[in-house]
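**Q** This is a predicted model, with the sequence first.
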Amino acid sequence: MTDDTVTHDRTYVAAIDQGTTSTRAMIFDHSGQVVASEQLEHRQIFPRAGWVEHDPMEIWRNTRRVAGAVLAASELQPHQVVACGITNQRETTIVWDRTTGLPVYNAIVWQDTRTDELCEYFAGDAGVDRYKSRTGLPLASYFAGPKIRWILDNVDGARERAQRGELCFGTVDSWLAWNMTGGVDGGQHITDVTNASRTMLMDLRTLAWDEQICAEVGIPMSMLPQIRSSSEVIGPLRAAGSFADVPLAGILGDQQAATFGQACLEPGDAKNTYGTGNFLLLNTGTEPVFSDHGLLTTVCYRLGDQPARYALEGSIAVTGSLVQWLRDNLGLIPTAADVETLAAQADDNGGVYFVPAFSGLFAPRWRPDARGVIVGLTRFADKRHLARSVLEASAYQTREVIEAMQADSGVALTTLKVDGGMVVNDLLMQFQSDILGVPVVRPVVNETTALGAAYAAGLAVGFWESTDDIRANWAEGGRWSPAMASGERERLYAGWNRAVIHSFDLA
(Lines give C-alpha, C1' and ligand atoms only; values in the text may rest on other atoms or scores of the structure.)
Protein backbone atom coordinates (compact mmCIF):
# COMPACT_ATOMS: atom_id res chain seq x y z
CA MET A 1 0.00 0.00 0.00
CA THR A 2 1.44 3.39 -0.96
CA ASP A 3 0.67 6.70 0.64
CA ASP A 4 -1.44 7.60 -2.40
CA THR A 5 -3.97 4.93 -1.49
CA VAL A 6 -4.42 6.13 2.10
CA THR A 7 -6.84 9.01 2.65
CA HIS A 8 -5.83 10.36 6.04
CA ASP A 9 -9.06 12.11 6.96
CA ARG A 10 -11.07 8.88 6.81
CA THR A 11 -8.51 6.23 7.79
CA TYR A 12 -6.92 5.29 11.08
CA VAL A 13 -4.45 2.94 12.74
CA ALA A 14 -5.24 0.60 15.65
CA ALA A 15 -2.99 -0.66 18.43
CA ILE A 16 -3.35 -3.47 20.95
CA ASP A 17 -1.47 -2.59 24.15
CA GLN A 18 -1.23 -5.73 26.28
CA GLY A 19 0.23 -4.66 29.61
CA THR A 20 1.01 -6.22 32.97
CA THR A 21 -2.35 -5.37 34.53
CA SER A 22 -4.67 -4.72 31.58
CA THR A 23 -5.28 -5.00 27.85
CA ARG A 24 -6.16 -1.92 25.84
CA ALA A 25 -7.21 -1.29 22.26
CA MET A 26 -6.74 2.21 20.86
CA ILE A 27 -7.39 3.92 17.54
CA PHE A 28 -5.27 6.90 16.40
CA ASP A 29 -5.66 9.44 13.61
CA HIS A 30 -2.89 10.77 11.35
CA SER A 31 -1.91 13.49 13.84
CA GLY A 32 -1.33 10.83 16.52
CA GLN A 33 -4.42 11.81 18.52
CA VAL A 34 -6.56 9.22 20.29
CA VAL A 35 -9.88 8.56 18.55
CA ALA A 36 -11.11 5.84 20.92
CA SER A 37 -9.78 3.63 23.71
CA GLU A 38 -11.13 0.57 25.51
CA GLN A 39 -9.47 -1.28 28.38
CA LEU A 40 -9.98 -4.43 30.50
CA GLU A 41 -7.99 -5.53 33.53
CA HIS A 42 -6.99 -9.17 34.02
CA ARG A 43 -6.29 -11.22 37.15
CA GLN A 44 -2.91 -11.18 38.88
CA ILE A 45 -2.21 -14.72 40.11
CA PHE A 46 0.21 -15.19 43.04
CA PRO A 47 0.60 -18.96 43.67
CA ARG A 48 3.30 -18.34 46.30
CA ALA A 49 5.73 -15.63 47.44
CA GLY A 50 7.76 -14.33 44.50
CA TRP A 51 5.60 -16.06 41.87
CA VAL A 52 3.45 -13.97 39.49
CA GLU A 53 1.26 -15.47 36.76
CA HIS A 54 -1.42 -14.51 34.23
CA ASP A 55 -3.99 -16.64 32.41
CA PRO A 56 -3.10 -16.47 28.67
CA MET A 57 -6.65 -17.42 27.65
CA GLU A 58 -8.06 -14.54 29.72
CA ILE A 59 -5.63 -12.16 27.99
CA TRP A 60 -6.68 -13.45 24.57
CA ARG A 61 -10.40 -13.13 25.44
CA ASN A 62 -9.83 -9.58 26.71
CA THR A 63 -7.93 -8.70 23.53
CA ARG A 64 -10.90 -9.75 21.37
CA ARG A 65 -13.30 -7.85 23.62
CA VAL A 66 -11.42 -4.56 23.61
CA ALA A 67 -10.85 -4.79 19.85
CA GLY A 68 -14.59 -5.09 19.29
CA ALA A 69 -15.42 -2.42 21.84
CA VAL A 70 -12.98 0.17 20.47
CA LEU A 71 -14.38 -0.15 16.96
CA ALA A 72 -17.89 0.31 18.32
CA ALA A 73 -16.80 3.30 20.42
CA SER A 74 -15.12 4.98 17.46
CA GLU A 75 -18.11 4.31 15.15
CA LEU A 76 -15.67 3.32 12.40
CA GLN A 77 -16.00 0.57 9.81
CA PRO A 78 -13.26 -2.09 9.78
CA HIS A 79 -12.05 -0.98 6.32
CA GLN A 80 -11.21 2.47 7.77
CA VAL A 81 -8.51 0.86 9.93
CA VAL A 82 -5.50 0.49 7.60
CA ALA A 83 -3.11 -1.27 10.00
CA CYS A 84 -2.82 -2.70 13.51
CA GLY A 85 0.21 -2.77 15.80
CA ILE A 86 0.87 -4.81 18.94
CA THR A 87 2.78 -3.72 22.02
CA ASN A 88 3.16 -5.89 25.08
CA GLN A 89 4.59 -6.61 28.51
CA ARG A 90 7.88 -8.04 27.37
CA GLU A 91 9.55 -10.89 29.25
CA THR A 92 6.30 -12.56 30.32
CA THR A 93 6.55 -16.14 29.01
CA ILE A 94 3.88 -18.37 27.45
CA VAL A 95 4.30 -21.93 26.13
CA TRP A 96 1.40 -23.42 24.16
CA ASP A 97 0.45 -26.42 22.02
CA ARG A 98 0.55 -25.81 18.24
CA THR A 99 -2.32 -28.21 17.58
CA THR A 100 -4.80 -27.29 20.32
CA GLY A 101 -3.77 -23.67 20.86
CA LEU A 102 -3.90 -24.23 24.62
CA PRO A 103 -1.18 -23.04 27.01
CA VAL A 104 0.63 -25.81 28.89
CA TYR A 105 0.94 -23.54 31.95
CA ASN A 106 -0.03 -20.02 33.02
CA ALA A 107 2.03 -17.12 31.67
CA ILE A 108 5.04 -16.54 33.96
CA VAL A 109 5.18 -12.76 34.40
CA TRP A 110 8.35 -10.66 34.07
CA GLN A 111 8.25 -9.83 37.82
CA ASP A 112 8.31 -13.53 38.80
CA THR A 113 11.45 -14.62 40.71
CA ARG A 114 11.05 -18.44 40.72
CA THR A 115 14.02 -18.85 38.35
CA ASP A 116 16.58 -17.25 40.72
CA GLU A 117 18.25 -20.61 41.48
CA LEU A 118 18.23 -21.59 37.79
CA CYS A 119 20.02 -18.35 36.97
CA GLU A 120 22.64 -19.04 39.66
CA TYR A 121 23.11 -22.52 38.17
CA PHE A 122 23.60 -21.15 34.63
CA ALA A 123 25.96 -18.44 35.90
CA GLY A 124 28.25 -21.05 37.46
CA ASP A 125 31.88 -19.97 37.58
CA ALA A 126 31.37 -17.54 34.66
CA GLY A 127 29.08 -15.29 36.75
CA VAL A 128 25.88 -13.43 35.90
CA ASP A 129 27.47 -11.79 32.85
CA ARG A 130 28.07 -15.17 31.14
CA TYR A 131 25.98 -14.21 28.08
CA LYS A 132 26.09 -10.42 28.36
CA SER A 133 28.55 -9.81 25.50
CA ARG A 134 26.13 -11.56 23.10
CA THR A 135 22.70 -10.73 24.54
CA GLY A 136 23.29 -7.46 26.41
CA LEU A 137 21.61 -8.98 29.48
CA PRO A 138 22.77 -10.40 32.82
CA LEU A 139 21.51 -13.78 33.98
CA ALA A 140 18.41 -12.73 35.95
CA SER A 141 14.96 -14.13 36.67
CA TYR A 142 13.55 -11.11 34.79
CA PHE A 143 14.18 -12.57 31.33
CA ALA A 144 12.22 -15.16 29.35
CA GLY A 145 14.88 -17.82 28.70
CA PRO A 146 15.07 -19.20 32.24
CA LYS A 147 11.25 -19.05 32.50
CA ILE A 148 10.93 -21.33 29.43
CA ARG A 149 13.40 -23.76 31.01
CA TRP A 150 11.36 -23.77 34.24
CA ILE A 151 8.19 -24.71 32.34
CA LEU A 152 10.01 -27.50 30.47
CA ASP A 153 11.41 -28.83 33.75
CA ASN A 154 8.24 -28.56 35.85
CA VAL A 155 5.22 -29.25 33.59
CA ASP A 156 4.61 -32.97 33.06
CA GLY A 157 5.58 -34.03 29.55
CA ALA A 158 6.45 -30.51 28.40
CA ARG A 159 10.08 -31.24 27.52
CA GLU A 160 9.19 -34.32 25.49
CA ARG A 161 6.44 -32.43 23.63
CA ALA A 162 8.82 -29.55 22.96
CA GLN A 163 11.47 -31.90 21.57
CA ARG A 164 8.83 -33.39 19.23
CA GLY A 165 8.14 -29.86 17.92
CA GLU A 166 4.64 -29.73 19.40
CA LEU A 167 5.07 -26.61 21.57
CA CYS A 168 5.49 -22.90 20.81
CA PHE A 169 7.14 -20.36 23.07
CA GLY A 170 6.35 -16.70 22.89
CA THR A 171 6.29 -13.48 24.80
CA VAL A 172 2.79 -11.98 24.82
CA ASP A 173 3.23 -10.35 21.39
CA SER A 174 3.83 -13.81 19.88
CA TRP A 175 0.84 -15.31 21.67
CA LEU A 176 -1.46 -12.54 20.40
CA ALA A 177 -0.01 -12.42 16.89
CA TRP A 178 -0.37 -16.21 16.53
CA ASN A 179 -3.98 -16.11 17.69
CA MET A 180 -4.87 -12.95 15.74
CA THR A 181 -3.49 -14.33 12.46
CA GLY A 182 -5.38 -17.61 12.68
CA GLY A 183 -4.18 -19.59 15.70
CA VAL A 184 -4.35 -23.35 15.06
CA ASP A 185 -5.57 -22.53 11.54
CA GLY A 186 -2.33 -21.13 10.13
CA GLY A 187 -1.44 -18.55 12.79
CA GLN A 188 1.97 -16.95 12.31
CA HIS A 189 4.52 -17.81 15.04
CA ILE A 190 6.55 -14.59 15.10
CA THR A 191 8.09 -11.97 17.35
CA ASP A 192 9.99 -8.76 16.70
CA VAL A 193 13.60 -7.87 17.42
CA THR A 194 12.74 -5.84 20.54
CA ASN A 195 10.88 -8.67 22.26
CA ALA A 196 13.41 -11.26 21.11
CA SER A 197 16.16 -9.16 22.70
CA ARG A 198 14.47 -9.69 26.11
CA THR A 199 14.66 -13.48 26.07
CA MET A 200 18.44 -13.79 26.75
CA LEU A 201 18.46 -16.11 23.70
CA MET A 202 19.05 -13.64 20.81
CA ASP A 203 22.43 -12.40 19.59
CA LEU A 204 22.22 -8.59 19.58
CA ARG A 205 24.48 -8.21 16.54
CA THR A 206 23.08 -10.89 14.24
CA LEU A 207 19.46 -10.41 15.45
CA ALA A 208 19.12 -14.21 15.32
CA TRP A 209 18.57 -16.88 17.97
CA ASP A 210 21.88 -17.98 19.49
CA GLU A 211 22.00 -21.77 19.03
CA GLN A 212 24.75 -22.23 21.62
CA ILE A 213 22.88 -20.34 24.35
CA CYS A 214 19.65 -22.20 23.54
CA ALA A 215 21.49 -25.50 23.83
CA GLU A 216 23.13 -24.54 27.13
CA VAL A 217 19.85 -23.27 28.63
CA GLY A 218 18.12 -26.41 27.33
CA ILE A 219 15.54 -24.89 24.98
CA PRO A 220 14.70 -26.62 21.66
CA MET A 221 15.03 -24.18 18.74
CA SER A 222 11.74 -25.50 17.30
CA MET A 223 9.85 -23.70 20.09
CA LEU A 224 11.11 -20.26 19.11
CA PRO A 225 9.18 -17.78 16.95
CA GLN A 226 10.55 -16.26 13.74
CA ILE A 227 12.19 -12.89 14.45
CA ARG A 228 10.82 -10.02 12.32
CA SER A 229 11.45 -6.29 12.25
CA SER A 230 9.33 -3.95 14.39
CA SER A 231 7.64 -2.36 11.37
CA GLU A 232 6.66 -4.56 8.42
CA VAL A 233 3.45 -6.05 7.03
CA ILE A 234 3.14 -9.50 8.61
CA GLY A 235 -0.26 -10.52 7.28
CA PRO A 236 -4.00 -10.00 7.69
CA LEU A 237 -5.71 -10.44 11.06
CA ARG A 238 -8.06 -13.38 10.81
CA ALA A 239 -9.34 -13.93 14.34
CA ALA A 240 -9.18 -10.57 16.06
CA GLY A 241 -12.87 -9.91 16.38
CA SER A 242 -13.57 -6.61 14.70
CA PHE A 243 -10.18 -6.10 13.02
CA ALA A 244 -10.70 -8.90 10.49
CA ASP A 245 -8.50 -8.49 7.37
CA VAL A 246 -6.68 -5.48 8.82
CA PRO A 247 -2.92 -5.98 8.25
CA LEU A 248 -0.83 -6.69 11.34
CA ALA A 249 2.14 -4.43 10.55
CA GLY A 250 3.99 -3.51 13.74
CA ILE A 251 5.24 -5.16 16.95
CA LEU A 252 7.26 -3.48 19.71
CA GLY A 253 7.87 -4.41 23.33
CA ASP A 254 6.08 -1.87 25.54
CA GLN A 255 9.11 0.17 26.62
CA GLN A 256 10.53 0.34 23.12
CA ALA A 257 7.08 1.32 21.84
CA ALA A 258 6.94 4.18 24.35
CA THR A 259 10.42 5.30 23.26
CA PHE A 260 9.26 5.30 19.63
CA GLY A 261 5.99 7.03 20.50
CA GLN A 262 7.95 9.72 22.36
CA ALA A 263 9.95 10.38 19.15
CA CYS A 264 13.24 9.37 20.83
CA LEU A 265 14.71 8.70 17.39
CA GLU A 266 18.23 10.12 17.73
CA PRO A 267 21.20 8.89 19.80
CA GLY A 268 21.00 10.59 23.19
CA ASP A 269 17.19 10.85 23.22
CA ALA A 270 15.73 9.32 26.40
CA LYS A 271 12.32 8.65 27.94
CA ASN A 272 11.10 7.30 31.27
CA THR A 273 7.82 5.37 31.52
CA TYR A 274 6.09 5.32 34.93
CA GLY A 275 3.93 2.20 34.96
CA THR A 276 3.83 -0.95 37.09
CA GLY A 277 7.60 -0.43 37.15
CA ASN A 278 9.74 2.33 35.68
CA PHE A 279 11.65 1.88 32.45
CA LEU A 280 14.19 4.39 31.23
CA LEU A 281 15.55 3.97 27.70
CA LEU A 282 18.33 5.92 25.99
CA ASN A 283 18.66 5.62 22.20
CA THR A 284 22.32 4.78 21.41
CA GLY A 285 22.02 4.53 17.60
CA THR A 286 23.01 1.66 15.30
CA GLU A 287 25.71 0.21 17.58
CA PRO A 288 24.95 -1.60 20.85
CA VAL A 289 26.55 0.09 23.88
CA PHE A 290 27.42 -2.35 26.67
CA SER A 291 27.01 -1.17 30.25
CA ASP A 292 29.56 -1.16 33.04
CA HIS A 293 26.97 0.19 35.49
CA GLY A 294 24.21 -2.41 35.66
CA LEU A 295 22.10 -1.35 32.67
CA LEU A 296 20.70 -3.58 29.94
CA THR A 297 21.63 -3.34 26.27
CA THR A 298 18.55 -3.93 24.16
CA VAL A 299 17.16 -3.41 20.66
CA CYS A 300 15.29 -0.09 20.54
CA TYR A 301 13.50 -0.73 17.23
CA ARG A 302 14.03 -1.83 13.64
CA LEU A 303 12.06 -0.35 10.74
CA GLY A 304 11.74 -2.72 7.77
CA ASP A 305 15.18 -3.74 6.49
CA GLN A 306 16.97 -0.70 7.93
CA PRO A 307 19.72 -1.33 10.52
CA ALA A 308 18.42 -1.94 14.03
CA ARG A 309 18.62 0.89 16.55
CA TYR A 310 19.82 0.01 20.05
CA ALA A 311 19.19 1.39 23.53
CA LEU A 312 20.52 1.31 27.05
CA GLU A 313 17.74 0.49 29.49
CA GLY A 314 17.33 0.82 33.21
CA SER A 315 14.49 -1.31 34.56
CA ILE A 316 12.97 -0.58 37.97
CA ALA A 317 10.70 -3.37 39.21
CA VAL A 318 8.30 -1.53 41.52
CA THR A 319 6.95 2.03 41.14
CA GLY A 320 3.26 2.27 40.19
CA SER A 321 2.63 -1.15 41.72
CA LEU A 322 3.83 0.30 45.05
CA VAL A 323 0.90 2.74 44.95
CA GLN A 324 -1.40 -0.24 44.28
CA TRP A 325 0.17 -2.02 47.26
CA LEU A 326 -0.56 0.99 49.47
CA ARG A 327 -4.17 0.86 48.24
CA ASP A 328 -4.81 -2.91 48.21
CA ASN A 329 -2.55 -4.38 50.90
CA LEU A 330 -2.63 -1.57 53.48
CA GLY A 331 -5.92 0.10 52.55
CA LEU A 332 -4.45 3.57 53.19
CA ILE A 333 -6.03 5.10 50.06
CA PRO A 334 -9.32 4.26 48.28
CA THR A 335 -7.92 4.80 44.74
CA ALA A 336 -4.41 5.07 43.31
CA ALA A 337 -4.98 8.73 42.42
CA ASP A 338 -5.55 9.54 46.11
CA VAL A 339 -1.87 8.98 46.90
CA GLU A 340 -1.06 12.47 45.64
CA THR A 341 -3.67 14.14 47.85
CA LEU A 342 -2.45 12.26 50.92
CA ALA A 343 1.24 12.86 50.17
CA ALA A 344 0.65 16.58 49.57
CA GLN A 345 -0.57 16.95 53.16
CA ALA A 346 3.04 16.46 54.33
CA ASP A 347 5.65 19.14 53.69
CA ASP A 348 8.39 16.51 53.31
CA ASN A 349 9.01 12.80 53.88
CA GLY A 350 9.56 13.24 57.64
CA GLY A 351 12.77 11.22 57.31
CA VAL A 352 10.89 8.18 55.98
CA TYR A 353 12.22 6.21 52.99
CA PHE A 354 10.44 3.27 51.36
CA VAL A 355 12.65 0.88 49.37
CA PRO A 356 10.16 -1.29 47.40
CA ALA A 357 12.40 -4.31 46.74
CA PHE A 358 9.41 -6.70 46.70
CA SER A 359 11.09 -8.93 44.10
CA GLY A 360 14.67 -7.78 44.57
CA LEU A 361 16.19 -4.67 43.03
CA PHE A 362 16.61 -4.31 39.26
CA ALA A 363 18.89 -1.72 37.58
CA PRO A 364 21.45 -0.56 38.39
CA ARG A 365 21.96 -2.74 41.49
CA TRP A 366 20.61 -6.18 40.45
CA ARG A 367 20.18 -7.50 43.99
CA PRO A 368 17.71 -10.44 43.96
CA ASP A 369 18.45 -10.84 47.68
CA ALA A 370 16.93 -7.43 48.51
CA ARG A 371 13.45 -7.10 50.04
CA GLY A 372 11.23 -4.13 50.79
CA VAL A 373 12.04 -1.95 53.79
CA ILE A 374 10.66 1.23 55.34
CA VAL A 375 13.46 3.18 57.01
CA GLY A 376 13.49 6.21 59.31
CA LEU A 377 10.21 5.74 61.18
CA THR A 378 9.58 7.83 64.28
CA ARG A 379 6.46 8.55 66.35
CA PHE A 380 6.09 11.69 64.23
CA ALA A 381 5.67 9.72 60.98
CA ASP A 382 2.16 8.92 59.78
CA LYS A 383 0.34 7.81 56.63
CA ARG A 384 1.02 11.15 54.92
CA HIS A 385 4.77 10.59 55.15
CA LEU A 386 4.35 6.98 54.03
CA ALA A 387 2.41 8.14 50.96
CA ARG A 388 5.09 10.70 50.20
CA SER A 389 7.86 8.13 50.58
CA VAL A 390 6.02 5.85 48.13
CA LEU A 391 6.06 8.56 45.45
CA GLU A 392 9.61 9.66 46.20
CA ALA A 393 10.87 6.06 45.78
CA SER A 394 10.07 6.26 42.04
CA ALA A 395 12.07 9.47 41.68
CA TYR A 396 15.12 8.23 43.62
CA GLN A 397 15.26 4.98 41.66
CA THR A 398 15.01 6.95 38.40
CA ARG A 399 17.97 9.12 39.41
CA GLU A 400 20.05 5.98 40.10
CA VAL A 401 19.37 4.71 36.59
CA ILE A 402 20.05 8.07 34.93
CA GLU A 403 23.41 8.40 36.70
CA ALA A 404 24.34 4.92 35.45
CA MET A 405 23.27 5.85 31.90
CA GLN A 406 25.33 9.02 31.94
CA ALA A 407 28.36 7.06 33.13
CA ASP A 408 27.95 4.43 30.37
CA SER A 409 27.08 6.70 27.46
CA GLY A 410 29.01 9.87 28.29
CA VAL A 411 25.79 11.75 27.41
CA ALA A 412 24.55 14.25 29.99
CA LEU A 413 20.78 14.36 30.36
CA THR A 414 19.37 17.84 29.75
CA THR A 415 15.63 17.03 29.77
CA LEU A 416 13.69 13.92 30.76
CA LYS A 417 10.69 12.96 28.58
CA VAL A 418 8.13 11.08 30.68
CA ASP A 419 4.99 9.02 30.05
CA GLY A 420 2.84 6.37 31.68
CA GLY A 421 0.07 6.30 34.24
CA MET A 422 1.90 8.15 37.05
CA VAL A 423 2.84 11.27 35.06
CA VAL A 424 -0.52 12.86 35.85
CA ASN A 425 0.82 13.13 39.42
CA ASP A 426 2.13 16.71 39.65
CA LEU A 427 3.73 16.16 43.06
CA LEU A 428 5.78 13.23 41.75
CA MET A 429 6.78 15.03 38.54
CA GLN A 430 7.94 18.12 40.45
CA PHE A 431 9.91 15.99 42.91
CA GLN A 432 11.43 14.06 39.97
CA SER A 433 12.63 17.32 38.44
CA ASP A 434 13.94 18.51 41.83
CA ILE A 435 15.90 15.32 42.58
CA LEU A 436 17.41 15.23 39.06
CA GLY A 437 18.06 18.94 38.70
CA VAL A 438 16.73 18.96 35.10
CA PRO A 439 13.33 19.74 33.54
CA VAL A 440 10.77 16.92 33.20
CA VAL A 441 8.50 17.07 30.12
CA ARG A 442 5.23 15.24 29.44
CA PRO A 443 3.72 14.92 25.93
CA VAL A 444 0.17 15.90 24.98
CA VAL A 445 -0.65 12.26 24.14
CA ASN A 446 0.28 10.33 27.27
CA GLU A 447 -0.51 6.90 25.80
CA THR A 448 2.86 6.74 24.07
CA THR A 449 3.16 2.94 24.31
CA ALA A 450 0.09 2.25 22.15
CA LEU A 451 0.99 5.23 19.97
CA GLY A 452 4.46 3.80 19.30
CA ALA A 453 2.94 0.49 18.14
CA ALA A 454 0.49 2.42 15.94
CA TYR A 455 3.36 4.42 14.42
CA ALA A 456 5.31 1.22 13.64
CA ALA A 457 2.27 -0.31 11.93
CA GLY A 458 1.30 2.89 10.10
CA LEU A 459 4.81 3.43 8.74
CA ALA A 460 4.79 -0.10 7.28
CA VAL A 461 1.67 0.62 5.17
CA GLY A 462 2.56 4.21 4.22
CA PHE A 463 -0.04 5.86 6.48
CA TRP A 464 2.89 7.88 7.84
CA GLU A 465 5.58 8.54 5.24
CA SER A 466 8.60 8.64 7.54
CA THR A 467 9.76 9.17 11.11
CA ASP A 468 9.67 12.91 10.35
CA ASP A 469 5.87 12.63 10.75
CA ILE A 470 6.39 11.17 14.24
CA ARG A 471 8.66 14.05 15.25
CA ALA A 472 6.15 16.55 13.86
CA ASN A 473 3.28 14.96 15.82
CA TRP A 474 5.08 15.09 19.20
CA ALA A 475 3.91 18.04 21.31
CA GLU A 476 4.71 19.14 24.86
CA GLY A 477 1.80 18.81 27.26
CA GLY A 478 3.40 19.69 30.60
CA ARG A 479 6.77 20.76 32.04
CA TRP A 480 8.26 20.81 35.54
CA SER A 481 11.50 22.64 36.33
CA PRO A 482 13.76 22.05 39.36
CA ALA A 483 13.06 24.31 42.33
CA MET A 484 15.05 22.56 45.08
CA ALA A 485 18.37 23.81 46.47
CA SER A 486 21.27 21.54 45.48
CA GLY A 487 22.22 20.91 49.12
CA GLU A 488 18.74 19.65 49.96
CA ARG A 489 18.72 17.50 46.81
CA GLU A 490 21.95 15.75 47.81
CA ARG A 491 20.88 15.36 51.47
CA LEU A 492 17.68 13.56 50.45
CA TYR A 493 19.48 11.37 47.93
CA ALA A 494 22.13 10.38 50.46
CA GLY A 495 19.30 9.31 52.79
CA TRP A 496 17.87 7.16 50.02
CA ASN A 497 21.22 5.45 49.40
CA ARG A 498 21.54 4.65 53.12
CA ALA A 499 18.00 3.22 53.11
CA VAL A 500 18.69 0.96 50.12
CA ILE A 501 21.62 -0.72 51.89
CA HIS A 502 19.19 -1.84 54.62
CA SER A 503 17.22 -3.82 52.01
CA PHE A 504 20.15 -6.13 51.12
CA ASP A 505 20.53 -9.77 52.20
CA LEU A 506 16.94 -10.11 53.42
CA ALA A 507 15.71 -12.79 50.99
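**A** It's in. Numbers count the residues shown, from 1 in each chain.

**Q** Without its sequence neighbours, what residue ends up closest to Asp112?
**A** Val52 (4.5 Å; C-beta to C-beta, 6 or more residues apart in numbering). (Each C-beta comes from the backbone N, C-alpha and C, glycine too.)

**Q** So which residues of the stretch 251-400 of the chain form strands?
**A** With DSSP state E, counting those that start in this stretch as the criterion, the stretch 251-400 of the chain has strands at 270-274, 278-285, 296-301, 309-316, 353-355, 373-375.

**Q** Next: the stretch 1-150 of the chain.
**A** 12-18, 22-28, 34-41, 53-54, 81-88, 94-97, 107-108.

**Q** Quick one: closest of those strands to Leu342.
**A** Leu342 lies closest to strand 34-41 among the strands of the stretch 1-150 of the chain, at 23.2 Å (C-beta to C-beta).

**Q** Could you check how far the residue lying closest to Asp369 once chain neighbours are set aside is from Gly277?
**A** Computed as C-beta to C-beta, 6+ apart, the closest residue to Asp369 that is not its neighbour in sequence is Ala507, at 4.5 Å. Going from Ala507 to Gly277 by C-beta to C-beta, to the nearest Å gives 18 Å.

**Q** Could you do Ala337 as well?
**A** 19 Å.

**Q** Between those two, which is the more surrounded one?
**A** Using other C-beta atoms under 10 Å, the more surrounded residue of Ala337 and Gly277 is Gly277, with 24 against 13.

**Q** Need the strands of the stretch 251-400 of the chain in TSV (columns: distance to Ser231, mean neighbour count and mean pLDDT).
**A** Formatted as TSV, the strands of the stretch 251-400 of the chain follow (distance: least, C-beta to C-beta, whole Å; neighbours: other C-beta atoms under 10 Å; pLDDT from 0 to 100):
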stretch	distance to Ser231	mean neighbour count	mean pLDDT
strand 270-274	18	26	90
strand 278-285	16	25	90
strand 296-301	7	27	95
strand 309-316	11	27	91
strand 353-355	39	25	96
strand 373-375	43	17	96
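
**Q** who wins for proximity to Arg114 among those?
**A** strand 309-316 (18.1 Å).

**Q** related to what we said a few turns ago, okay if I get the strands of the stretch 1-150 of the chain as TSV plus mean neighbour count and distance to Gly268?
**A** Shown next, in TSV, are the strands of the stretch 1-150 of the chain (neighbours: other C-beta atoms under 10 Å; distance: least, C-beta to C-beta, whole Å):
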stretch	mean neighbour count	distance to Gly268
strand 12-18	29	27
strand 22-28	25	27
strand 34-41	16	28
strand 53-54	20	36
strand 81-88	29	23
strand 94-97	23	35
strand 107-108	26	35
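
**Q** could those go into JSON lines alongside mean pLDDT?
**A** Shown next, in JSON lines, are those (pLDDT from 0 to 100):
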{"stretch": "strand 12-18", "mean pLDDT": "96"}
{"stretch": "strand 22-28", "mean pLDDT": "95"}
{"stretch": "strand 34-41", "mean pLDDT": "94"}
{"stretch": "strand 53-54", "mean pLDDT": "96"}
{"stretch": "strand 81-88", "mean pLDDT": "96"}
{"stretch": "strand 94-97", "mean pLDDT": "98"}
{"stretch": "strand 107-108", "mean pLDDT": "98"}
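
**Q** Dump the ones you listed into JSON lines; add distance to Pro364 as well.
**A** Below are these laid out as JSON lines (distance: least, C-beta to C-beta, whole Å):
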{"stretch": "strand 12-18", "distance to Pro364": "27"}
{"stretch": "strand 22-28", "distance to Pro364": "29"}
{"stretch": "strand 34-41", "distance to Pro364": "31"}
{"stretch": "strand 53-54", "distance to Pro364": "28"}
{"stretch": "strand 81-88", "distance to Pro364": "25"}
{"stretch": "strand 94-97", "distance to Pro364": "29"}
{"stretch": "strand 107-108", "distance to Pro364": "25"}
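
**Q** how about the residue lying closest to Pro364 once chain neighbours are set aside, what does it touch?
**A** In space, and not counting its chain neighbours, Pro364 is closest to Gly294: 3.3 Å by C-beta to C-beta, 6+ apart. Under the criterion of C-beta atoms under 8 Å, 6 or more residues apart in numbering, the neighbours of Gly294 are Gly314, Ala363, Pro364, Arg365, Trp366, Ala404.

**Q** Let's see the pLDDT reported for Gly294.
**A** For Gly294, the pLDDT comes out at 85.

**Q** cool, Gly304 as well?
**A** Confidence score, pLDDT, at Gly304: 95.

**Q** What's the local residue count around it?
**A** When neighbours are counted by other C-beta under 10 Å, Gly304 comes out with 11.

**Q** can you map out the helices along the stretch 101-250 of the chain?
**A** Counting by DSSP state H, counting those that start in this stretch, the stretch 101-250 of the chain has these helices, from start to end: 116-123, 132-135, 144-154, 158-163, 172-180, 193-196, 211-217.

**Q** Rebuild the ones you listed as JSON lines, extending it with distance to Asp469, mean pLDDT and mean neighbour count.
**A** Listed next are the helices of the stretch 101-250 of the chain as JSON lines, based on distance: least, C-beta to C-beta, whole Å; pLDDT from 0 to 100; neighbours: other C-beta atoms under 10 Å:
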{"stretch": "helix 116-123", "distance to Asp469": "42", "mean pLDDT": "93", "mean neighbour count": "17"}
{"stretch": "helix 132-135", "distance to Asp469": "33", "mean pLDDT": "94", "mean neighbour count": "18"}
{"stretch": "helix 144-154", "distance to Asp469": "33", "mean pLDDT": "97", "mean neighbour count": "23"}
{"stretch": "helix 158-163", "distance to Asp469": "43", "mean pLDDT": "96", "mean neighbour count": "17"}
{"stretch": "helix 172-180", "distance to Asp469": "24", "mean pLDDT": "96", "mean neighbour count": "28"}
{"stretch": "helix 193-196", "distance to Asp469": "21", "mean pLDDT": "98", "mean neighbour count": "29"}
{"stretch": "helix 211-217", "distance to Asp469": "38", "mean pLDDT": "96", "mean neighbour count": "15"}
